[in-house]
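Participant: Take a look and give me a structure for this.
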Amino acid sequence: MEPLFDQLAARLREHPGQPLDLPGVELREAAVLVPLTLRSLVPVVLFTRRQETLRHHAGQISFPGGVRDASDVTPLHTALRELEEELGVHAEDVDVLGMLDEIPTITEFRVVPFVGRLPEGTAFAVSAGEIAELIEVPVAALQEPARQRIERRLVRGAERDIYFFEYAGHTIWGATARIVRNLLDRTEDLPAWKELVSP
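Facilitator: Numbering: from 1, shown residues only. Down below sits the predicted model:
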């Protein structure tokens, strides 16, 4: 495994994602997969842009994922099932590196994010009914401070930091941006990830 993925997997083993601790708050379970791969030796993160016709989060940029079904043994099963349904990638083709921190959403979901590495050259069969576009963003671009911003917004009576990432005309925000922020926080001191940062 390339040092980039090897170091990330080791970090997530040493410091696994933290579960939510919200006593008395009922949230529906959901899970996503943060897909990483290489394009001409350049590490990229894969995002999806949801169709405008969907009932929930229409048009938003997200990670493959969704609500946990009764048949899903674990949240990881949910993330891998959704990855196959949305992008046509089979679970056996994913090298699961670990889990990031669980996050709550304003739509009352508890989202468990997993990080997975896909083989370079993976072929995708995008579900046209759900996904309008598959977006590949270089990890180095997400690390650039000029592409990041934070806005303070009032959410359900409390001020919250809302993260944004800009790339090629796309705005990544909300729960997806919080997951990206968590990934970057976990990797900022890893040697292979630091090498990606432009001087």
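
Participant: quick one, helices of the chain?
Facilitator: Remark: helices assigned in the chain by DSSP state H are 3-14, 75-87, 139-143, 174-187, 191-194.

Participant: Most tightly packed of those?
Facilitator: Ranked by mean neighbour count under mean count of other Cβ atoms under 10 Å, those are led by helix 75-87, which reaches a mean of 22. Using the backbone N, CA and C atoms, a C-beta is placed for each residue, glycine as well.

Participant: Can you pull the poorly scored residue ranges out of this protein?
Facilitator: Low-confidence segments of the chain, defined by pLDDT under 70: 1, 52-59, 154-157, 198-199.

Participant: Nearest residue to the spatially most central residue of it in space, please, no chain neighbours.
Facilitator: In the chain, the C-alpha nearest the mean C-alpha coordinate belongs to V34, at 3.6 Å (Cα atoms, centre = their mean). Using Cβ to Cβ, 6 or more residues apart in numbering and skipping residues adjacent in sequence, the residue nearest V34 is V115, 4.7 Å away.

Participant: Just to check, the one you found is in contact with V32?
Facilitator: No - the pair formed by V115 and V32 falls short of the contact definition of Cβ atoms under 8 Å, at 9.9 Å.

Participant: Have a look at these two and say which one is more surrounded.
Facilitator: Taking other Cβ atoms under 10 Å, V115 and V32 do not tie; V115 has more neighbours (29 against 26).

Participant: which stretches of this structure form strands?
Facilitator: 28-39, 42-50, 61-62, 65-67, 95-99, 103-104, 109-117, 131-138, 148-155, 158-167, 170-173 (DSSP state E).

Participant: Reformat those as CSV; add distance to E85.
Facilitator: CSV is the format used below for these (distance: least, Cβ to Cβ, whole Å):
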stretch, distance to E85
strand 28-39, 11
strand 42-50, 11
strand 61-62, 14
strand 65-67, 8
strand 95-99, 17
strand 103-104, 22
strand 109-117, 15
strand 131-138, 10
strand 148-155, 30
strand 158-167, 25
strand 170-173, 22
